[in-house]
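S.K.: can't give you the sequence, but here's the structure:
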């Protein structure tokens, strides 16, 4: 996976506006971009003006495609005046889990089960041998 | 969620040993600790001696319990001489997804549906009311 941690330091008066704009961007990325495995938004506990966007792409090209989307560009323009300093980022690869372990739980799986033939899954656990 | 990013800077000759020891710790944490929603291990692309452990706990008490486990203590002692500098950490809370969106996808969910009555669970989510 191609994992990008984006560090955003927001002006104190803009924290809630940044949260809302970033939430919209994250939701749209997860629901519409097939190359996005995760798009988590985290807020630092001891300094609520600091956020990390944990963006997990299947491949580097998917990160480039993200920047072509309307929701990214809307977000970028909306938050530009909210920043306390320029954003920075660090790129990572996954050690654990392997590439199969990174997909968000598909939204449909997380919905209430349908009345008939409910979606059932086996939650596997390693044996205790 | 109670999310901890642990930053580890490893001596150059210890990178593979650190990877292996940390993989064992992450796998054990995910498979045996009910308070662990995720335990990702990331390696920095432009500096392979730097890692981030992305530890997602249901609550702060679960982070404390993690440190009581044998696998954590084994890992802590094994990697102590591998460090290039003391580890540091930053604590976060989740903006997105909400608390229900953080469980790892159990491996079986991602596999083809089982043929015969395996242990089944419904992955419940609140309705959209």
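M.R.: Arrived safely, thanks for sending. On a predicted model such as this, the values are computed, not experimentally measured, just so you know.

S.K.: May I ask you to confirm that residue A:1 is in contact with residue A:54?
M.R.: No - with contacts defined as CB atoms under 8 Å, residue A:1 does not count as touching residue A:54, sitting 11.2 Å away. The C-beta positions use only the backbone N, C-alpha and C, and glycine is treated the same way.

S.K.: Those two: which has the busier surroundings?
M.R.: Neighbour count, other CB atoms under 10 Å in any protein chain shown: between residue A:1 and residue A:54, residue A:54 has more, with 24 against 19.

S.K.: just checking, that one is part of a helix?
M.R.: No - with DSSP: H, G, I helix; E, B strand; the rest coil as the criterion, residue A:54 is located in strand rather than a helix.

S.K.: partners of it in the sheet?
M.R.: Here residue A:54 shows beta-bridge partners residue A:5, residue A:40, assigned using DSSP bridges.

S.K.: Then residue A:50?
M.R.: Beta-bridge pairing for residue A:50 (DSSP bridges): residue A:9.

S.K.: how far away is it from residue A:8?
M.R.: For residue A:50, the distance to residue A:8 under the criterion CB to CB, to the nearest Å works out to 7 Å.

S.K.: More neighbours: which of these two?
M.R.: Applying other CB under 10 Å to residue A:50 and residue A:8 shows that residue A:8 carries more neighbours, namely 22 against 18.

S.K.: hang on, isn't the more buried one packed against residue A:53?
M.R.: Yes - the pair formed by residue A:8 and residue A:53 meets the contact definition of CB under 8 Å, at 6.8 Å.

S.K.: Mutual contacts of these two, please.
M.R.: Jointly contacting residue A:8 and residue A:53 under the rule CB atoms under 8 Å, 6 or more residues apart in numbering or on different chains are residue A:22.

S.K.: Grab the longest helix from chain A for me.
M.R.: Secondary structure assigned by DSSP state H gives helix A:15-32 as the longest helix of chain A.

S.K.: who does that helix touch, helix- and strand-wise?
M.R.: If you count contacts as 3 or more CB pairs under 8 Å, 6 or more residues apart in numbering or on different chains; DSSP states H and E, helix A:15-32 packs onto strand A:36-44, strand A:50-57, helix A:70-79, strand B:88-96.

S.K.: Counting by contacts, list what the last one packs against.
M.R.: Using 3+ CB pairs under 8 Å, 6+ apart as the contact criterion, the neighbours of strand B:88-96 among helices and strands are helix A:15-32, strand A:36-44, strand B:2-9.

S.K.: So which bits of it are buried?
M.R.: If you call a residue buried by 16 or more other CB atoms under 10 Å in any protein chain shown, then strand B:88-96 has these buried ones: B:90, B:92, B:94-96.

S.K.: export the residues you listed to TSV and tack on pLDDT and distance to residue A:17?
M.R.: Shown next, in TSV, are the buried residues of strand B:88-96 (pLDDT from 0 to 100; distance: CB to CB, whole Å):
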residue	pLDDT	distance to residue A:17
B:90	98	23
B:92	98	19
B:94	96	18
B:95	96	13
B:96	95	15
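
S.K.: Since that was my last question, I'll sign off now.
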